[in-house]
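J.: sharing a model prediction with you, sequence too.
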Amino acid sequence: MPKSRSVYVCNQCGAESSQHFGKCPVCGSWNSLVEQLIAPSSSPAVRTTTLGRSRASEPNQKSSEPAKARLSRTLNQIEDHPQVRLPSGYWELDRVLGGGIVPGSLVLVGGDPGIGKSTLLLQVANKLAQTAPVLYVCAEESGQQVKLRSQRLGIGRELEGQGEMEEMGEMGEMGKRENSEASSANLYLLPEIDLETILMELEALRPSVAVIDSIQALYYGALTSAPGSVSQVRECTSALMQTAKRENISLFIVGHVTKEGAIAGPKVLEHLVDTVLYFEGDRFASHRLLRTVKNRFGATQELGVFEMVDRGLEEVRNPSELFLGNRQEAAPGIATIVACEGTRPLVVELQSLVSPTSYSSPRRSTTGIEYNRLLQILAVLEKRVGIPLSKLDAYVASSGGLNVAEPAADLGIAIAVTASFRDRVVDPFTVLVGEVGLGGQVRPVSQMELRLKEAAKLGFKRAIVPKGQAPSDSVLEITPVSRVVDAITAALAT
C-alpha cells in the first residue's frame, strides 16, 4: 500500500522541496518552508487527452483512420460577443476597472488591515443588489457582525412606523427606500470557510456578483495544510476561478498583505485573477487610493480616490483638491507639479525643507517621493547648479501623502529644493513638469497636453515645461526650458 509523503512548500514563492531548509533555495526567504502531506494515489497517474483516451494507449504508428477535427480555431473564426459591463454604482471603482465590472471576471483587492476593503465591497454589493442577486461570503466574520457593519453604513435600514412614511412625502426619498429594500432582499450573506460549500452555493444561487472576504480564510478539505498556506490559497483560487468562468459570475476576492505591502501567498494568486487592485492610504488621513496594478480589461496604474467618513467610503470626484495646499499663503520651498496616474492627471503640491545639518552625514527624508530619485536630483543640483547640498539636510514630501513615482515630478522636486535653499517663493499659480537628466537637462515627458488642461482647469496661469513640448493652443503661459538652470531662473524670477 503506498504511503503518504511530505513536501516542504515556501510561503513566499510556492517552491516545493523534498527536505526542510532554513532558507528557501529559490527565493532566498528565511523560515518560509512549511511541511505538507501528499496523500497517495490509489492508481498510477495516467495522462489523458481531451477525448478521454490515455496517451499511452495511442499507437506508435500512424493510424489509417481519418484525421480528427482540430479543436483549435483561428482568431478570425472566434465569434464576437460584446461584453456589457456592470456599473458598480461608484464611478471611481468603474474607472480603475476600465469602465465597469466585466461578467465572469476575477478581481483581487489587497490592502493593509483596516484600510477599507470590506467596507467598499459591502457598499458595492449593496449597490449591485438593487438589480440582481449578490452573494457576500464573509469567511472572517459572522453574519451578525456583517449586519452590524451594514447598519453603520446605512445599508438595508428599514423605516419603522407608518407615521415616518407619511412624513417623508417626497418621491425621491420613497425611491431610496425602495432601492434599499430591494438591495436587502437580493444581498445574501454566507458565513462559511469550507470551499466545497461555497462552490455549491455559487452554483445554486448563480449570483451576478460574489465577494470572497477573504481568500486566506478559505479551507479545502482535501488538503492537509492550514488555511492561508500556499497550497490552500492556490487551490481555492483555482476552483473559484473555474466556477466563476463557467457560471459567468463576477468575483471579488479580498487578499491579505504582508508587512512589506505585497499580497500574501504565492505570486500565482495574482497571475490567476484578471485584475489586481491595491488599497492605499495613510491611517492618519481620511482619503483612500484604489490603484490598478494588473487589468486584462483596461489600463493599469489607474487611480480612484475615496474618502472615509462616518457612513463609509465616499467618492472624491476632484482629487486634485486633496493634494493642493492654500495657494493664497505661499511659502518658500513649495512647488506644484502635474502627475499622471494612468489616464488621470493630478495636480500635486511638493514641499521641501533644506537646513544645515548637525551631524557628520546629512539626513535625507522623503514622504511620497522615491528616495533614490531624490538622491539623484540632489547630486545633479550640486554638480550642475553648484548648491552645496552635501552639507545640508534635505526633506521632501508630497501633499496628502500621494506616492509620486513618475519622472515628470523631477523638475518640481529640483525647484522646491532650490527655493528652500535660497529662501525664495515660487509663484503658486505656476506648475512644473519635466524629467531631470544626469547632465542637468530637462527631458520631455508623456501626456503633456492632458497635464496642462488639468492645470488650466484649476486656475493655474503659467507652466514651465521641457523645450519642444509647448503646445500652441494652450491657455497657459508656457515657458520652455532645456536645462535645470534655466528652469530655476524662470521659476524664481519673481
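T.: Sure thing, it's come through. Not measured: the values here are computed from a predicted model. Residues are numbered from 1 along each chain as shown.
J.: only C-alpha atoms from now on, for both contacts and neighbour counts.
T.: Fine.
J.: surely Leu378 is in a helix?
T.: Yes: the assignment for Leu378 by DSSP: H, G, I helix; E, B strand; the rest coil puts it in a helix.
J.: state the number of residues packed around the residue lying closest to it once chain neighbours are set aside.
T.: Spatially, and ignoring its direct neighbours in sequence, Leu378 is nearest to Leu389 (6.7 Å; CA to CA, 6 or more residues apart in numbering). Leu389: 20 surrounding residues under other CA atoms under 10 Å.
J.: quick one: Leu389 and Glu382 touch, right?
T.: Yes: assessed by CA atoms under 8 Å, Leu389 is found in contact with Glu382 at 6.1 Å.
J.: and the residue nearest to Leu378, what are its phi and psi?
T.: phi -80, psi -10 (degrees, to the nearest 10).
J.: got the contact list for it?
T.: Neighbour list for Leu389: 378-379, 381-382 [criterion: CA atoms under 8 Å, 6 or more residues apart in numbering].
J.: now that we have those residues, which of them are buried?
T.: By neighbour count, with 16 or more other CA atoms under 10 Å, the contacts of Leu389 hold 378-379, 381 as buried.
J.: let's have those in TSV, adding distance to Asp410 and pLDDT.
T.: Below are these laid out as TSV (distance: CA to CA, whole Å; pLDDT from 0 to 100):
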residue	distance to Asp410	pLDDT
Leu378	10	96
Ala379	12	96
Leu381	11	96
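J.: any chance of those in TSV, plus distance to Asn76?
T.: Shown next, in TSV, are the buried ones among the contacts of Leu389 (distance: CA to CA, whole Å):
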residue	distance to Asn76
Leu378	55
Ala379	55
Leu381	56
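J.: strands of the stretch 151-300 of the chain, start to end?
T.: 187-190, 209-213, 250-255, 275-280, 287-295 (DSSP state E, counting those that start in this stretch).
J.: and the next element down the chain from the helix or strand where Glu314 lies?
T.: Following DSSP states H and E, one finds Glu314 within strand 312-315. Note on strand 312-315: by DSSP H and E, the next helix or strand toward the C-terminus is strand 334-341.
J.: still on that earlier bit, which of the strands of the stretch 151-300 of the chain sits closest to Ala331?
T.: strand 287-295 (24.8 Å; CA to CA).
J.: in its sheet, what does that closest one sit against?
T.: As defined by DSSP bridges, the strand partners of strand 287-295 come to strand 275-280 (antiparallel), strand 303-309 (antiparallel).
J.: could I get these as TSV with distance to Thr243 and mean pLDDT?
T.: Formatted as TSV, the strands paired with strand 287-295 follow (distance: least, CA to CA, whole Å; pLDDT from 0 to 100):
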stretch	distance to Thr243	mean pLDDT
strand 275-280	17	92
strand 303-309	29	91
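J.: how far away from the center of its chain is the strand holding Glu314?
T.: For strand 312-315, the separation from the chain centroid amounts to 17 Å (computed by CA atoms, centre = their mean, to the nearest Å).
J.: for that strand, packing partners?
T.: helix 117-128, strand 303-309 (3 or more CA pairs under 8 Å, 6 or more residues apart in numbering; DSSP states H and E).
J.: quick one: average pLDDT of it?
T.: In this model, strand 312-315 carries a mean pLDDT of 92.
J.: got the buried residues for that strand?
T.: 312-315.
J.: and for stretch 332-349?
T.: 332-341, 343-349.
J.: repeat for stretch 232-245
T.: 232-238, 240-241, 243-244.
J.: averaged pLDDT, it. What do you get?
T.: Here the average pLDDT along stretch 232-245 is 92.
J.: outline the domain layout of this protein.
T.: By the assignment in automatic domain parsing, the chain contains the domains 1-44, 91-157+177-317, 321-491.
J.: okay if I get the helices and strands packed on strand 312-315 as TSV plus mean neighbour count?
T.: Shown next, in TSV, are the helices and strands packed on strand 312-315 (neighbours: other CA atoms under 10 Å):
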stretch	mean neighbour count
helix 117-128	21
strand 303-309	20
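J.: would you format these as TSV with distance to Phe429 included?
T.: Listed next are the helices and strands packed on strand 312-315 as TSV, based on distance: least, CA to CA, whole Å:
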stretch	distance to Phe429
helix 117-128	36
strand 303-309	24
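J.: among these, which is nearest Leu187?
T.: Of these, nearest to Leu187 by CA to CA is helix 117-128, at 6.7 Å.
J.: where along the stretch 351-494 of the chain do the helices fall?
T.: Taking DSSP state H, counting those that start in this stretch to define them, one finds helices in the stretch 351-494 of the chain at 371-380, 410-422, 448-457, 484-491.
J.: which helices and strands does the longest strand along the chain pack with?
T.: Longest strand in the chain, counting residues (DSSP state E): strand 344-356. Strand 344-356 is packed against strand 334-341, strand 392-398, helix 410-422, helix 448-457, with contacts defined by 3+ CA pairs under 8 Å, 6+ apart.
J.: surely Lys245 meets Gly104?
T.: Yes: Lys245 lies in contact with Gly104 (CA under 8 Å); the separation is 5.1 Å.
J.: one step back: nearest to Ala262, out of the helices and strands packed on strand 312-315?
T.: Closest among the helices and strands packed on strand 312-315, using CA to CA: helix 117-128, at 15.0 Å.
J.: angle of the closest one against strand 303-309?
T.: 100 degrees (axes from the mean of the first three to the mean of the last three CA atoms, to 10 degrees).
J.: just checking, what packs against the following helix or strand past helix 117-128?
T.: Per DSSP H and E, the first helix or strand lying C-terminal to helix 117-128 is strand 134-138. With contacts taken as 3+ CA pairs under 8 Å, 6+ apart, strand 134-138 sits against helix 117-128, strand 187-190, strand 209-213.
J.: pLDDT score for the closest residue to Val385 other than its chain neighbours?
T.: Nearest residue to Val385 in three dimensions, chain neighbours excluded: Val485, at 6.4 Å (CA to CA, 6+ apart). Looking at Val485, its pLDDT reads 95.
J.: how many other residues sit next to Val485?
T.: 17.
J.: roughly how far apart are it and Gln441?
T.: In this view, Val485 and Gln441 are 9 Å apart by CA to CA, to the nearest Å.
J.: what of Gln144?
T.: From Gln144 to Gln441 the distance is 61 Å (CA to CA).
J.: what about those two, which has more around it?
T.: Gln441 (20 against 11).
J.: check contacts around the more buried one.
T.: 482-484.
J.: pipe the domains of the chain into CSV and attach distance to Glu79 per row.
T.: What follows is the domains of the chain, written out as CSV (distance: least, CA to CA, whole Å):
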stretch, distance to Glu79
domain 1-44, 37
domain 91-157+177-317, 17
domain 321-491, 31
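J.: lowest average confidence across those domains, which one?
T.: When I compare the domains of the chain, domain 1-44 is least confident, with a mean of 73.
J.: and that one, how far from the chain's centre?
T.: On CA atoms, centre = their mean, the centre of domain 1-44 falls 31 Å from that of its chain.
J.: cool, stretch 346-366 as well?
T.: For stretch 346-366, the distance to the chain centre is 28 Å (CA atoms, centre = their mean).
J.: quick revisit: can you convert the strands of the stretch 151-300 of the chain into TSV and add a column each for mean neighbour count?
T.: Formatted as TSV, the strands of the stretch 151-300 of the chain follow (neighbours: other CA under 10 Å):
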stretch	mean neighbour count
strand 187-190	18
strand 209-213	25
strand 250-255	24
strand 275-280	23
strand 287-295	22
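J.: ok, which of those comes nearest Leu122?
T.: strand 209-213 (8.5 Å).
J.: grab the CA positions of the closest one and hand them over as CSV.
T.: Only the C-alpha atoms of strand 209-213 are listed here, as CSV (Å, rounded to 0.1, in the frame of the first residue of the first chain):
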residue,chain,number,x,y,z
VAL,A,209,-21.5,39.2,-8.4
ALA,A,210,-19.9,37.4,-5.5
VAL,A,211,-17.5,38.7,-2.9
ILE,A,212,-15.0,36.4,-1.1
ASP,A,213,-13.7,38.0,2.2
